[in-house]
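Colleague: Predicted model and sequence follow; I will ask about them next.
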Amino acid sequence: MALETLNLSLQFGELQDAALHRAALPRHSVSRWIRHALRNPAEITVRIVDAGEGQTLNRDYRGKDYATNVLTFDYTQAPFVTADLVLCAPVVAREAKDSRKTLQAHYAHLLIHATLHAQGYDHETSERDALEMEALEILLLGALGYDNPY
């Protein structure tokens, strides 16, 4: 899918272990991962948050009162993608450790996953859609040199 036109804003909230997350998310890598999953030009904000902000956003926008790994707020999909991708640093770090992945590999997966969501892919609508999205994530991550995340 790889696309060149991306206006990216990368933001870090107040985090414990901020240096660890900043090291795993160099701007050029984040841009590369997102561009690789895009079909259309895009303006995307990526925000890395703590558990409190992640829980508040998940509760207020999804009605689920816990911090989740990634939230996608998609505003337009075509011909121009606009979205906010919010990743909860402590959740991402815990999941990476539990699944024996590097923090960077897990961030790459979640950013590709969220970028697909921003373009209308949805793994919660049907098993077929979930399998399609998962296969695409595996393909995109493999092309970037990352192992199958599942």
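Modeller: Right, received. Where do you want to start? Residues are numbered from 1 along each chain as shown.

Colleague: Looking at stretch 99-117 now, give me its mean pLDDT.
Modeller: Computed over stretch 99-117, the mean pLDDT rounds to 97.

Colleague: Revised request: answer the last question for stretch 133-145.
Modeller: 97.

Colleague: Check stretch 40-47 too.
Modeller: 97.

Colleague: Can you give the distance of that stretch from its chain's centre?
Modeller: For stretch 40-47, the gap between its own C-alpha mean and the chain's C-alpha mean amounts to 11 Å (C-alpha atoms, centre = their mean, to the nearest Å).

Colleague: ok, now stretch 98-107?
Modeller: Distance, centroid of stretch 98-107 to centroid of chain: 13 Å (C-alpha atoms, centre = their mean).

Colleague: Now tell me what touches it from outside.
Modeller: Here stretch 98-107 makes contact (C-beta atoms under 8 Å, 6 or more residues apart in numbering) with 20-21, 24-25, 29-30, 87, 92-93, 95-96, 109, 146-147, 149. (C-beta placed from N, C-alpha, C; glycine too.)

Colleague: Return the subset of the residues you listed lying in helices.
Modeller: With DSSP state H as the criterion, helices contain Leu20, His21, Ala24, Ser29, Val30, Val92, Ala93, Glu95, Ala96, His109 from among these.

Colleague: Out of those, which end up buried?
Modeller: His21, Ala24, Val30, Val92, Ala93, Glu95, Ala96, His109 (16 or more other C-beta atoms under 10 Å).

Colleague: could those be laid out in a markdown table, adding distance to His123?
Modeller: Below are those laid out as a markdown table (distance: C-beta to C-beta, whole Å):
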| residue | distance to His123 |
| --- | --- |
| His21 | 25 |
| Ala24 | 24 |
| Val30 | 22 |
| Val92 | 18 |
| Ala93 | 23 |
| Glu95 | 16 |
| Ala96 | 20 |
| His109 | 13 |
